[in-house]
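**Student:** quick one: sequence plus predicted model below, questions after.
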Amino acid sequence: MTIAPIFSLGLARNGTTWLGNILRDAFSVHTAHHFLHYGSHESKLYWWGKYFRSVNRSVFWETFRKTDTCLLMCDGKRRDISAYKTFYDLYFDLMDEKTRVERKTNWTTKLCPEFFYFPSEFKKIKDVIDTRYQNAKYVGIQRDMDEAFVSFLNMPGTHREKRLKNEFFSYYLYAARYQTFYRNAPKLLPDALWVQFADLKNDTTATIEKISRYLEKKSVDVESTGIKNTSIRTKTEVKRPRFFFKNRLLFWAILHSWQTIKSSKPVMHCRLKLFEEDPQELISQMRASGNDIIADLVEKELAKKVAKE
């Protein structure tokens, strides 16, 4: 059975989680998934790819085994990684194995935006993909920058208020990332399919049909899947920025200097480990940080377990 990956592309707050869920549910492909993620787990290939090449293998494994990726893909069990040259090979092996177990022919994951800030890093993973797979597909999504920026400022998490208080810095940093990503990605992947967030929102069925033709895969009945955008917030929850303008000179300076700025190490957002070990503690932490949505989800999952027992 031939396995082929489908990579979703896009910057944060542009509908990438929604797109990943559609690829998984509408086309029945494998993905690392857990309810605490609101969808497919982000692999963080960019960070782990660099980390795997720069440290002793045993040190790498001791760090990697504690992560959500390992819990989801390896069931926490140790693997012989001595034969792997890069983390990409290890990750692709894990995804291929899980895909075969589910008797599917495709798997999907988000390709980290950081690859497209630094094209030299993208070339490394693209070489691995092209060598390993003959029919990899790439589907990207883009949202209007003004809408994406407001969504970014209001993104749930411990740093939400910080972003709202530092709107000026947050705007230009996000604008630089946005422009750099959507300038570089189509050039580096000229054969990728790009869809608009607005089209997916206004006519979900037609957009999924467009993706279906590109993937050459028949989609399931969209109405019966319940696929929807999991990041929608009510109008009362969204805070609009106090100012919203584009200083072209400053924007130009940040945009052209961004290529030389190293991205910060991404944070793993899933609380899998704590959920498995002490779910009540996870609920307490989420309540204390004001993240009631996650706390409610955990309580619902615990109730399901109790009902089954």
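**Tutor:** Looks like it came in fine. Predicted, not measured: the structure shown is a model, and the values here were computed from it. Numbers count the residues shown, from 1 in each chain.
**Student:** and the helices in the stretch 201-309 of the chain, which stretches?
**Tutor:** 204-215, 222-225, 248-257, 272-277, 279-288, 292-308 (DSSP state H, counting those that start in this stretch).
**Student:** for those helices, give me JSON lines that also has distance to residue 12 and mean pLDDT.
**Tutor:** All C-beta atoms are positioned from the backbone trio N, CA, C, and that covers glycine. Formatted as JSON lines, the helices of the stretch 201-309 of the chain follow (distance: least, CB to CB, whole Å; pLDDT from 0 to 100):
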{"stretch": "helix 204-215", "distance to residue 12": "20", "mean pLDDT": "94"}
{"stretch": "helix 222-225", "distance to residue 12": "24", "mean pLDDT": "54"}
{"stretch": "helix 248-257", "distance to residue 12": "17", "mean pLDDT": "56"}
{"stretch": "helix 272-277", "distance to residue 12": "20", "mean pLDDT": "78"}
{"stretch": "helix 279-288", "distance to residue 12": "21", "mean pLDDT": "86"}
{"stretch": "helix 292-308", "distance to residue 12": "18", "mean pLDDT": "85"}
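**Student:** could those helices go into TSV alongside mean neighbour count and distance to residue 125?
**Tutor:** Compiled in TSV, those are given as follows (neighbours: other CB atoms under 10 Å; distance: least, CB to CB, whole Å):
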stretch	mean neighbour count	distance to residue 125
helix 204-215	16	20
helix 222-225	12	30
helix 248-257	13	24
helix 272-277	16	25
helix 279-288	15	33
helix 292-308	13	31
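**Student:** looking at those, which is nearest to residue 191?
**Tutor:** Residue 191 lies closest to helix 204-215 among the helices of the stretch 201-309 of the chain, at 9.6 Å (CB to CB).
**Student:** okay, that closest one in PDB with CA atoms only?
**Tutor:** Output in PDB follows, covering the C-alpha atoms of helix 204-215 (Å, rounded to 0.1, in the frame of the first residue of the first chain):
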ATOM      1  CA  THR A 204     -17.700  25.200   2.700                       C
ATOM      2  CA  THR A 205     -19.000  22.600   0.300                       C
ATOM      3  CA  ALA A 206     -17.700  24.200  -2.800                       C
ATOM      4  CA  THR A 207     -14.300  24.800  -1.300                       C
ATOM      5  CA  ILE A 208     -14.000  21.100  -0.100                       C
ATOM      6  CA  GLU A 209     -15.000  20.100  -3.600                       C
ATOM      7  CA  LYS A 210     -12.100  22.200  -4.900                       C
ATOM      8  CA  ILE A 211      -9.700  20.400  -2.500                       C
ATOM      9  CA  SER A 212     -11.200  17.100  -3.500                       C
ATOM     10  CA  ARG A 213     -10.300  17.700  -7.200                       C
ATOM     11  CA  TYR A 214      -6.800  18.700  -6.300                       C
ATOM     12  CA  LEU A 215      -6.200  15.700  -4.100                       C
END
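**Student:** give me the contacts around that helix.
**Tutor:** 6, 22-23, 26-27, 137, 139, 193, 195, 199-200, 218-219, 222-223, 227 (CB atoms under 8 Å, 6 or more residues apart in numbering).
**Student:** what two of those residues are the furthest from one another?
**Tutor:** Farthest pair in the contacts of helix 204-215 (CB to CB) is 137 and 223. Separation: 24.5 Å.
**Student:** next up, the contacts around residue 109.
**Tutor:** 5, 7-8, 20, 31-32, 40, 42-43, 45, 95.
**Student:** between those, which sits nearest residue 161?
**Tutor:** residue 42 (23.4 Å).
**Student:** what's the closest non-adjacent residue to the closest one?
**Tutor:** In this structure, residue 42 finds its nearest non-sequential neighbour in residue 110, 5.1 Å apart by CB to CB, 6 or more residues apart in numbering.
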